[in-house]
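**Q** got a predicted structure here, sequence first:
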Amino acid sequence: MRTRLLSGVLCVCGKTIVPQRLTGPQLSFNFTVRKLFEGGNEMLRRKKFLRGVALLILTFFTFSMMCAAGSSTCSNGLDSTEITRDVIGKDSRINVATSDLKKMPYSAICALLIKDTNGNEYGGTGFLVKANNSSKLLLTAAHNVQISGKTIASVKVYPGGMDSGLESANMIAKYVPPEYSSGKYDYDWAIVKLDKDLSSSCGAFAMRQGIIANEQVAIAGFGKNTPKGRMARDEGPISSAQISKDSNQFGYKIDTSAGDSGAPVIKYYMGQYVAIGVHNNSGNANFFGGENRGVSFYPAFYNKVNSYS
């Protein structure tokens, strides 16, 4: 998902899902489940006990949601009423070291600063890619560069992040698949053509087709610390090689959040860093045992990148 910047504060465009951690005053529940009745039918006591526990759990989650929605800011300065958290369990992301931002694979992962014609600013992630016909291509999520009801005026691309010291570039053209519309994640990808070749100094990802279940992969992007902050990364297994029949999406147990959309799903393969897909949505990450999701390099996608110029 993209993020939106207003008056120097990063806000997230998208539906609200409860943050994994509450900021500000912490809630604590200290309760004792008491015996509901002395004597009586054992089955009745058991049913009432379970009903009471279920009510307590429901109350806890409802109260947590109210407190999270009522908090004005989170620890990273984001408006919590608009945050979409795609963290599975405990947030295990770590910041990429400053010394690594000028090295592959991180130097080829870019912070995107997106502006529309009304002056609104948004943030996202993209990555430089090796292609047959051009050395000036970047891949990202379609919803970063095609926003419903908005006209994109510019996209500024910062390899390694805005503070990496690497040369930046600008979007001069883009391609979004005609099948894409908001929420159609099978087609939520885009090709961005840049005004200069960044790959010679920053490197670029090769594309690998084929998703292998349980394979360890990684994602690095600008969701945790906002596009104007440090890149963060996490790794985990492929949990779904294909989320459903005829789908181009696959799932993984890796923590992400709004702003990471467009990041590469990375594998070190045959002596080089390759991208096996583009991260673009949270799937069902906010449920127990959930996963985040991306779109694979299915044939039409893969061929379009290599033929685009």
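**A** Yep, it's here.
**Q** got any ranges where this protein has weak pLDDT?
**A** 1-85, 224-228, 285-289 (pLDDT under 70).
**Q** just the helices in it please.
**A** 42-70, 142-145, 199-202, 299-307 (DSSP state H).
**Q** please identify the buried residues of the third one?
**A** This points to helix 199-202. S199, C202 (16 or more other CB atoms under 10 Å). Any C-beta I mention is one placed from the backbone N, CA and C, and that applies to glycine too.
**Q** give me the contact list for it.
**A** The contact list for helix 199-202 (CB atoms under 8 Å, 6 or more residues apart in numbering) reads S107, A108, L128, K130, S135, K136, P159, G160, L166, E167.
**Q** the nearest residue to L166 once chain neighbours are set aside and I243, how far apart?
**A** Excluding the flanking residues, the one nearest L166 by CB to CB, 6 or more residues apart in numbering is P159, at 4.4 Å. P159 sits 31 Å away from I243, going by CB to CB, to the nearest Å.
**Q** wait, D86 touches D255, no?
**A** Yes. Using CB atoms under 8 Å, D86 makes contact with D255 at a distance of 7.1 Å.
**Q** find the residues that touch each one of the two.
**A** Joint contacts of D86 and D255 (CB under 8 Å, 6+ apart) are N292.
**Q** what's the domain layout of the chain?
**A** 6-23+32-86, 88-309 (automatic domain parsing).
**Q** quickly list what the residue nearest to L166 is bridged to.
**A** C110 (DSSP bridges).
**Q** contact partners for it?
**A** By CB under 8 Å, 6+ apart, the neighbours of P159 are S107, A108, I109, C110, L128, L166, E167, S168, L198, C202.
**Q** most neighbours, which of the residues you listed?
**A** Highest neighbour count within the contacts of P159: C110, with 37 neighbours (other CB atoms under 10 Å).
**Q** who are the contact partners of it?
**A** Neighbours of C110 in contact, by CB under 8 Å, 6+ apart: T125, G126, F127, L128, L138, V157, Y158, P159, G160.
**Q** ok, now N144?
**A** By CB under 8 Å, 6+ apart, the neighbours of N144 are R2, L112, I114, Y122, G124, T125, G126, A190, S261, G262.
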